[in-house]
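coords please:
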Amino acid sequence: MATPTPEERAGEAFAEAAAEAVQTSVMAFRLVMAIADAVRRQQQKKAGKEDELPDAEKSAAEASEEVKKFLPDDISTALLEGADWPQLAQQLMALKAAGVDLETMLPRVGEITVTVRDQVAANAEKVKREGTEEWAKALRETLPAGPVREAILSSPAWPEMAKTMATLNERGVDVRAILASAHEEGVGVDQAVAKVLAAAEVPTTSRDAKLSYGPMTTGLDIPKDLDLGDRERALRQLSIAPSENQKFSRMVREAMPGAEREADLLLASRQWPLVAARMADMEGKGQPVAEHLARLSKDTSWQEGSQSQVGRRLVQAATDALRKPVGAPVGPGAKVNTAAARSTSPSVGPTKAPAKGAAPTTPGVAAHREAGPAPKSGKTR
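As a prediction, the model looks like this:
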């Protein structure tokens, strides 16, 4: 039997998601009908006139016309093909006999079912797009950088693994403990992981890893075989999910209004995965990444110098902006975008202005040239 192509698998996944959305909307229809029927019974019981349900076969024939008239084709078809359709049809005809105007009620119920269907479909699309992000974060926080973590993220089965992790988590299982055990023991969880652990050789330190040690990577978990020449692989090695990379890219562009071309140079730079890893690390610690990035518009000294080196200077400026405290003073030699600085200042509004002649609190230099803490030797975990 031929292995399905990625396109065929994607088509199957879409069909499954669409079918699930319709079935969920049918569940919503059943719920509304059950509530309506309960209200009908209660009212008739109070009046001492509770009626028996009408004939199932006759009700099914009459109700099918009403349903097809007021509900979308996919939902009405699923209802009519359901095993419980005769009972639903009896409830509908009992409501009609009790004085309920189905031509008024069914369109409203139809709106409910369509809303449910579309919400489920949208959620399925979101899970497809972002569903692995949470578990990529879990891997980043639980497993050390290296061949095991990369093997998991590069596996064709990774989306299914992430789905399994989500299911286990929903059922109260400590997924991080399982991941840690899988890495430390290599047995009892997945024999395939054990084989990876047994076969994996300790990687030699790559040139990219050696050149990256220092302020840019202090405190980050960097694999010894880091390969910045392969963007997709580098992001996997650093456990940056595609949706996270898109989000961080958007944050950079938003932090540099009017400098979209320059922002794209930063995003296209060889070191971008390391900048993204710093942002992911800060976000995981609850630090205000966007507020740090705002410094790129307040201090535009990265614009000085050769145009061919703007991307490299922006990498350094972004690293400095992310590592310095929010609100750290801009050095006197730096170019300041006054409009951007004013728009992000918490203290200077339309009716406030800084005191004339006010001296900077501390002397300094251009933000991206300020000395950071001395780099630690070797890799920091």
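
helices of the stretch 201-350 of the chain, start to end?
207-212, 231-237, 242-255, 260-268, 272-284, 289-293, 295-298, 310-323, 338-344 (DSSP state H, counting those that start in this stretch).

comparing those by mean pLDDT, which bottoms out?
The weakest mean pLDDT among the helices of the stretch 201-350 of the chain belongs to helix 338-344, with a mean of 42.

the nearest residue to A234 once chain neighbours are set aside: how many residues sit nearby?
Excluding the flanking residues, the one nearest A234 by CB to CB, 6 or more residues apart in numbering is P273, at 4.1 Å. No exception for glycine: its C-beta is placed from N, CA and C like everyone else's. For P273, the count of nearby residues is 25 (other CB atoms under 10 Å).

residue contacts, P273?
L228, R231, A234, L235, Q237, L238, I240 (CB atoms under 8 Å, 6 or more residues apart in numbering).

about what we covered before: what's the most buried one of the helices of the stretch 201-350 of the chain?
Mean neighbours per residue, mean count of other CB atoms under 10 Å, is largest over these for helix 295-298, with a mean of 24.

what ranges in the stretch 51-200 of the chain fall below the confidence cut-off?
Counting by pLDDT under 70, the stretch 51-200 of the chain contains low-confidence residues at 51, 123-131, 181-200.

count of residues packed around E57?
E57 - counted by other CB under 10 Å - has 11 other residues nearby.

oops, could you answer that again for P329 instead?
By the measure other CB under 10 Å, the count of residues near P329 is 14.

that older thread, in a markdown table: the helices of the stretch 201-350 of the chain, plus distance to P159.
As requested, the helices of the stretch 201-350 of the chain are exported to a markdown table (distance: least, CB to CB, whole Å):
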| stretch | distance to P159 |
| --- | --- |
| helix 207-212 | 27 |
| helix 231-237 | 13 |
| helix 242-255 | 11 |
| helix 260-268 | 25 |
| helix 272-284 | 20 |
| helix 289-293 | 26 |
| helix 295-298 | 34 |
| helix 310-323 | 30 |
| helix 338-344 | 38 |
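
let me know which of these is the nearest to V173.
Set against V173 and scored by CB to CB, the helices of the stretch 201-350 of the chain come closest in helix 272-284, at 21.4 Å.

hmm, back to that, so which of the helices of the stretch 201-350 of the chain gets nearest F29?
Taking CB to CB, helix 242-255 is the member of the helices of the stretch 201-350 of the chain nearest to F29, at 33.1 Å.

give the buried residues for stretch 133-147.
Residues of stretch 133-147 classed as buried under the neighbour-count rule (16 or more other CB atoms under 10 Å) are E133, W135, A136, K137, A138, L139, R140, T142, L143, A145, G146, P147.

M256 reaches L296, doesn't it?
Yes - here M256 reaches L296: they are 5.4 Å apart, a contact under CB atoms under 8 Å.

one step back: of the buried residues of stretch 133-147, closest to L322?
Among those, and counting by CB to CB, the member closest to L322 is R140, at 16.7 Å.

which one is that closest one nearest to, not counting chain neighbours?
R140 sits nearest to S239 (CB to CB, 6+ apart), 3.4 Å away.

ok, the one you found - how many residues close by?
Around S239 there are 25 residues (other CB under 10 Å).

and it, what does it touch?
S239 neighbours (CB under 8 Å, 6+ apart): A136, K137, L139, R140, A145, R149, L153, A280.

which residues does the residue in the chain sticking out farthest from the centre contact?
No residue in the chain sits farther from the centre than G48, which is 55.6 Å out by CA atoms, centre = their mean. Applying CB under 8 Å, 6+ apart to G48 gives no contacts.

what distance do you get for S155 to V252?
For S155, the distance to V252 equals 29 Å [CB to CB, to the nearest Å].

oh sorry, the question was meant for G327
In terms of CB to CB, G327 sits 20 Å off from V252.

try K58
On the measure of CB to CB, K58 and V252 end up 66 Å apart.

do you know how far M161 is from E141?
On the measure of CB to CB, M161 and E141 end up 16 Å apart.

ok, now V326?
V326 sits 24 Å away from E141, taking CB to CB as the criterion.

also L238?
12 Å.

look through this protein and tell me its longest helix.
For the chain, the helix with the greatest residue count under DSSP state H is helix 6-46.

for that one, name the packing helices and strands.
Contacts defined by 3 or more CB pairs under 8 Å, 6 or more residues apart in numbering; DSSP states H and E place helix 6-46 against helix 73-81, helix 85-97, helix 102-130.

so what's the gap between the longest one and the chain middle?
Its chain's average C-alpha position is 22 Å from that of helix 102-130, according to CA atoms, centre = their mean, to the nearest Å.
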